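Visitor: Provided below for reference: sequence and predicted model.
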Amino acid sequence: MGISSINDYTGGVLSLLYSAGPVAKIVVFILFLFSIISWTIIFFKWKQCKKIEKEGEKFFNAAKNADSYKKLISTYRENPDNAFYRLMLASYKEITSIQKDNPGIRPDIVQHVENILKITLSEETERLERRLSFLATTANTAPFIGLFGTVWGIMDSFREIGLKGTTSLSVVAPGISEALIATAIGLATAIPAVLAYNYFVGRLKRINSRMENAVIYIINLLEK
Amino acid sequence: MKEEKWFKWLVLSTVMHILVIGAFGIPIKKSSKKLNILSSYSVNLVGDPGLGRSGAGHISEDIPGSARERTEKKISKPVPQKKPEPARVKPKLERKEKEPAISLSKKKVPVKQTPVKETASKEELSRLSERIKEIRKRTDYLDVSQAKSGTGSGTGRAGGQGFGLSGSSDGGSRPMDPVSQQYILGIWEKIKNSWGLPGMSSFKKDLETIVTIRIRRDGRITDINIEKRSGNRVYDESILRVLRSVEPLPPIPASLNMDTIEIGFRFLPGDLS
């Protein structure tokens, strides 16, 4: 190695992190946790949405073929861990509890069932939206956390420059580089979270409207 | 059951992150051409500290320059060299006042300018040698070790002799003013004794930091310059810390008759053992 390569050094991004200060390390660790959790939520929600859309398809197939509520109940048998099945189950439970006292389906029963279905629907919506707020939190805070690490790192490196009394690029650049990695990781955490949050909000809206349609189907079949 | 599902995705997410980080962790050669501008700065180094003990009044260069990754001090234009030898060390003390036309102080000397045509005429050579002798007289130049010059031809040797240095072309050991040598060794000992890191053994053995300091007549350090960073911030930081802590250093011996002295040090983790 001659003079020309005297300022070369090897090492990836990890080596930059290794030589960064403690604040930058803590910031990066926090961002890392945020990233892991938000990706867990992304995977989980993606799977959940996929499953519930499949279930919705099955329910609508059954509902279109059934000409009465009783037929739908007898043909539509599903896993209890299923939003559309839970809607059916709630309506069925309400009907049976009323029918114990008054046999036969009366017109006012429909109102009761509709209320129960609305409650169940909002419960299901709440269940689907649960933990999605963490993605929004990550999307909003991760860049700021990263920025904090960067500002701290730059403060630190300016202090160092002052102590060393030299402004040569080889003294200034590594500190800035170490500081900027925090912002880079903050952005890398936030960008997937923003994209996923917006995507899931749109997808859950569609799922919600399908569940509302399912409620209308059930009530229509009851009124027949 | 639900917990189990979450756990599955958590594991997947963690594995994904580890893979991504692993991909980023693959070492990449970082080389900034902009930083190479520093290479034209002269670096003044004392020889390996261990070598200083080998003989009183002598700092010898007995390890091939290429192996030690030395920086080169371009002394003056007239050194006839076919090709600049990158790996060499040439520590020196200098006098700030009365700077010769061809300065020995930190001066940008583009490498390209240094080689002198091998076909230089004899008159030219003798004139150059005379000039060098003259400079040498004026600057009280202290050469600890003139690195070998494998490519040195007849002209190269002539240039070396122009400095009044013996054995310059074969990397042999070189005498140095005992007073200044003693002084430099004293400083190095002082620095070494106060240099220590808690987890020293954990550092890689190939870390190398080159720092030059300028010392005033009264022993105060006026300037600390990192010529080469090791890449490990903790390591570099410890060196800067120790350099600040050893102040004031012993004053420059009066017999040297110098206002400031610039010394380069190479810090290797092995020095601490």
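Guide: Yes, it's here. All values reported here derive from a predicted model rather than from experimental measurement.
Visitor: Pull up the residues of the stretch 101-250 of chain B that are close to chain A.
Guide: Within the stretch 101-250 of chain B, the positions near chain A by CB under 8 Å from any CB of the partner chain are B:111, B:210, B:223-234, B:240, B:244. Every residue, glycine included, has its C-beta placed from N, CA and C.
Visitor: can you do 7 Å?
Guide: By CB under 7 Å from any CB of the partner chain, the residues of the stretch 101-250 of chain B that approach chain A are B:224-226, B:228-229, B:231-234, B:240.
Visitor: Go through these and flag which are in strands.
Guide: B:224-226, B:228 (DSSP state E).
Visitor: name the helices or strands packed onto whichever helix in chain B runs longest?
Guide: Scanning chain B for the helix with the most residues, using DSSP state H, yields helix B:2-25. When contacts are defined as 3 or more CB pairs under 7 Å, 6 or more residues apart in numbering or on different chains; DSSP states H and E, helix B:2-25 packs onto helix A:13-19, helix A:22-65.
Visitor: And the shortest one, what does it pack against?
Guide: Where contact means 3+ CB pairs under 7 Å, 6+ apart, helix A:13-19 is packed against helix A:169-223, helix B:2-25.
Visitor: B:Arg266: which of these is closest?
Guide: Ranking those by proximity to B:Arg266 (CB to CB) places helix A:169-223 first, at 16.2 Å.
Visitor: in chain A, which segments are predicted with low confidence?
Guide: Within chain A, the ranges that satisfy pLDDT under 70 run A:1-14, A:78-79, A:101-107.
Visitor: In space, what's closest to the residue nearest to the spatial centre of chain A - neighbours in sequence excluded?
Guide: When CA atoms, centre = their mean is applied to chain A, the residue found nearest the centroid is A:Leu132 (3.6 Å). Sequence neighbours aside, A:Phe200 is the residue nearest to A:Leu132 in space, at 5.8 Å (criterion: CB to CB, 6 or more residues apart in numbering or on different chains).
Visitor: For the ones in strands among the residues of the stretch 101-250 of chain B next to chain A, pick the one with the most neighbours.
Guide: Highest neighbour count within those, by other CB atoms under 10 Å in any protein chain shown: B:Lys228, with 24 neighbours.
Visitor: That one pairs with what?
Guide: Note on B:Lys228: beta-bridge partners B:Ile210, judged by DSSP bridges.
Visitor: Surely it and B:Val211 touch.
Guide: No. Counting by CB atoms under 7 Å, B:Val211 is not a contact partner of B:Lys228; they are 8.3 Å apart.
Visitor: hmm, which two among the residues of the stretch 101-250 of chain B next to chain A are most spread apart?
Guide: With CB to CB as the measure, no two of those lie farther apart than B:Asn225 and B:Val234, at 19.7 Å.
Visitor: got the helices and strands packed on helix A:13-19 as a markdown table, with mean neighbour count columns?
Guide: Shown next, in a markdown table, are the helices and strands packed on helix A:13-19 (neighbours: other CB atoms under 10 Å in any protein chain shown):
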| stretch | mean neighbour count |
| --- | --- |
| helix A:169-223 | 18 |
| helix B:2-25 | 13 |
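Visitor: To A:Lys25, which of these lies closest?
Guide: Taking CB to CB, helix A:169-223 is the member of the helices and strands packed on helix A:13-19 nearest to A:Lys25, at 9.4 Å.
Visitor: Say whether chain B is contacted by the one helix or strand A:Gln99 maps to.
Guide: A:Gln99 belongs to helix A:83-101 when assigned by DSSP states H and E. No. Contact of helix A:83-101 with chain B (CB under 7 Å from any CB) is absent, the minimum separation being 14.0 Å.
Visitor: and the angle from the next helix or strand after that helix to helix A:83-101?
Guide: Next helix or strand after helix A:83-101 toward the C-terminus (DSSP H and E): helix A:107-129. Regarding helix A:107-129 and helix A:83-101, their directions subtend 150 degrees when assessed with axes from the mean of the first three to the mean of the last three CA atoms, to 10 degrees.
Visitor: Please enumerate residues in contact with helix A:107-129?
Guide: Contacts with helix A:107-129, where a contact means CB atoms under 7 Å, 6 or more residues apart in numbering or on different chains, come from A:48, A:83, A:86-87, A:90-91, A:94-95, A:98, A:204, A:207-208, A:211-212, A:215, A:218-219, A:222-223.
Visitor: and what of stretch A:206-213?
Guide: Residues outside stretch A:206-213 that contact it (CB under 7 Å, 6+ apart): A:49, A:52-53, A:56, A:83, A:87, A:121, A:124-125, A:128.
Visitor: 6 Å - rerun?
Guide: Under the contact criterion CB atoms under 6 Å, 6 or more residues apart in numbering or on different chains, stretch A:206-213 has outside partners A:52, A:56, A:121, A:125.
Visitor: Quick check on those: which are buried?
Guide: A:52, A:56, A:121, A:125 (16 or more other CB atoms under 10 Å in any protein chain shown).
Visitor: From those residues, pick the one nearest chain B.
Guide: A:Ile52 (13.8 Å; CB to the nearest CB).
Visitor: residues touching A:Thr189, list them.
Guide: A:31, A:34-35, A:142.
Visitor: want to try TSV for those residues, with distance to A:Val194 and neighbour count as columns?
Guide: Output for these, formatted as TSV (distance: CB to CB, whole Å; neighbours: other CB atoms under 10 Å in any protein chain shown):
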residue	distance to A:Val194	neighbour count
A:Leu31	15	26
A:Phe34	13	22
A:Ser35	13	24
A:Ala142	9	26
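Visitor: Out of those, flag the one nearest to B:Ser180.
Guide: Nearest member of the contacts of A:Thr189 to B:Ser180, counting by CB to CB, is A:Leu31, at 53.3 Å.
Visitor: pretty sure that closest one is in contact with A:Leu187, am I right?
Guide: No. Applying CB atoms under 6 Å as the test, A:Leu31 and A:Leu187 come out as separate, 9.6 Å apart.
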